[in-house]
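Chemist: What follows is a predicted structure for the sequence shown.
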Amino acid sequence: MSSSLDKLKALTSKLESKLEKKEKSPQKPAVVVSKKEVVEEKKTVKKVSTPTKKPFTKTSGSSKKGTSNNAQDVREENIERVEVLFEKLKIFEKAPDFENIFVYKAMNLSGIGLKEEDFAQAREGKYIQVIAITYEPDKNGKKKAKNISLGYFGKAETLEVGLKNEIIEFVLRWRYEKAFQNVEHYKDLIARVEVPSSTLF
């Protein structure tokens, strides 16, 4: 059991470090443009509505597992594994469309710890569930968090170790893909404002 726990911790660490490297990687040098071009670009941007974010789509000719050399390959491998676990854990029973599982704002796991101090520890007497979080307006129009159960797996003490590890992996890999999407979202927003040419992107 400890070896499975070590593997999950290693996976978490690996995913976080690769995402960190992606965020810190040097970008193309900024192109110097005139003020007139910037003003015209801003006018164009205002007319265009912000598109709905879609999850990462696979590209042809990608490298096979174990040969990832950049963030794009890592992301592709990650999303493929999320889809495998989506089917294996029968998340499709509550969320039939795989493409739509990334519209949720966050994803949590009840009954199993995901913090450093209690990572992968099942809480005795608790029920194991994958919980998606979304925000919906109440009757007064105020946005409130809403929890949606995407998978129920019974009591913690009866949960088989292999299944527990796959549940944890699904949540972590979902969060990893969501982090990629959040990075893209903020890059898009930054691109819509005037920034000094000396910035990285």
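Modeler: Received the coordinates, thanks.

Chemist: and residue 71, how many residues sit next to it?
Modeler: Here the number of neighbours of residue 71 (other Cβ atoms under 10 Å) works out to 16. All C-beta spots, glycine's among them, are computed from the backbone N, C-alpha and C.

Chemist: ok, now residue 148?
Modeler: For residue 148, the tally of surrounding residues (other Cβ under 10 Å) stands at 13.

Chemist: from here on, count from 37
Modeler: That works, and once the first residue is 37, the last one we named lands at residue 184.

Chemist: In space, what's closest to it - neighbours in sequence excluded?
Modeler: Across the structure, with Cβ to Cβ, 6 or more residues apart in numbering as the measure, the residue nearest residue 184 apart from its sequence neighbours is residue 168 (4.6 Å).

Chemist: can you check residue 179 too?
Modeler: Of all residues not flanking residue 179 in the chain, residue 171 sits nearest, at 4.5 Å (Cβ to Cβ, 6+ apart).

Chemist: and that neighbour, what is it in contact with?
Modeler: Contact analysis of residue 171 by Cβ atoms under 8 Å, 6 or more residues apart in numbering lists 141, 179-182.

Chemist: quick one: secondary structure of it?
Modeler: Using DSSP: H, G, I helix; E, B strand; the rest coil, the secondary structure recorded for residue 171 is strand.

Chemist: Am I right that the residue nearest to residue 184 falls within a strand?
Modeler: Yes - when the secondary structure is assigned by three-state DSSP, residue 168 falls within a strand.

Chemist: returning to that earlier point: in JSON lines, list the contacts of residue 171 along with distance to residue 115 and secondary structure.
Modeler: Shown next, in JSON lines, are the contacts of residue 171 (distance: Cβ to Cβ, whole Å; DSSP: H, G, I helix; E, B strand; the rest coil):
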{"residue": "141", "distance to residue 115": "19", "secondary structure": "coil"}
{"residue": "179", "distance to residue 115": "28", "secondary structure": "strand"}
{"residue": "180", "distance to residue 115": "30", "secondary structure": "strand"}
{"residue": "181", "distance to residue 115": "26", "secondary structure": "strand"}
{"residue": "182", "distance to residue 115": "25", "secondary structure": "strand"}
